[in-house]
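Visitor: Structure for this input, please:
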Amino acid sequence: MAVEWVVLGCAAGAEAIMLLLLTIPGLDGLRKSLTAITRNLLKPFFSVVPFSLFLLMDIYWKYETRVYCEADSCASFEQIRHQKSIVKSQRNVLLIAAALIFYWLLYSVTNLVVKIEQLNERVERLKNRD
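Guide: Down below sits the predicted model:
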């Protein structure tokens, strides 16, 4: 079951890198091609949203059906395993949140960059007309 988390981590990492490249100042020459690439990748990256929701439901189901350890009924290795499971679930929820936030930020920044490019083109056309 670790493959899902690797895929989600790679998607979140790719989203973060694209977001970083779109927002770094000084890459004006590359910005148009980066914007086109990012706009083409937004639709495939939208699959992160249902995938994250599925993984979140999986975490919730595991949380609801796990065996609770109480101090008297569990051995020390069972308590450690139980605590590791809780820590893994918390880490995975943070990964899900990061992937969703990075997707939303990438979508918003890409739309803003496209609008800025359109406005710059409009300004250039108005300057050339006058």
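Visitor: outside of stretch 24-33, which residues touch it?
Guide: Stretch 24-33 is contacted from outside by 21-22, 34, 113, 117, using CB atoms under 8 Å, 6 or more residues apart in numbering. (C-beta placed from N, C-alpha, C; glycine too.)
Visitor: Buried residues of that stretch, list them for me.
Guide: For stretch 24-33, burial by neighbour count (16 or more other CB atoms under 10 Å) applies to Arg31.
Visitor: ok, now which ones touch the spatially most central residue of the chain?
Guide: Among the residues of the chain, the one closest to the centroid is Ala99, at 1.8 Å (CA atoms, centre = their mean). Contacts for Ala99 were tallied using CB under 8 Å, 6+ apart; they are 8-9, 11-12, 15, 48, 52.
Visitor: looking at those, which has the most residues close by?
Guide: In terms of neighbours by other CB atoms under 10 Å, these top out with Glu15 at 25 neighbours.
Visitor: element containing that residue?
Guide: Using DSSP states H and E, Glu15 maps to helix 2-23.
Visitor: Contacts only, for Leu100.
Guide: Going by CB under 8 Å, 6+ apart, Leu100 touches 48-49, 52.
Visitor: same for the helix holding Glu15, what does it pack against?
Guide: Counting contacts by 3 or more CB pairs under 8 Å, 6 or more residues apart in numbering; DSSP states H and E, helix 2-23 is packed against helix 28-45, helix 48-65, helix 76-129.
Visitor: what angle do it and helix 48-65 make?
Guide: Helix 2-23 and helix 48-65 meet at an angle of 140 degrees, taking axes from the mean of the first three to the mean of the last three CA atoms, to 10 degrees as the criterion.
Visitor: Could I get the helices and strands packed on helix 2-23 in a markdown table, plus columns for distance to Val3 and mean pLDDT?
Guide: A markdown table is the format used below for these (distance: least, CB to CB, whole Å; pLDDT from 0 to 100):
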| stretch | distance to Val3 | mean pLDDT |
| --- | --- | --- |
| helix 28-45 | 18 | 87 |
| helix 48-65 | 11 | 87 |
| helix 76-129 | 13 | 90 |
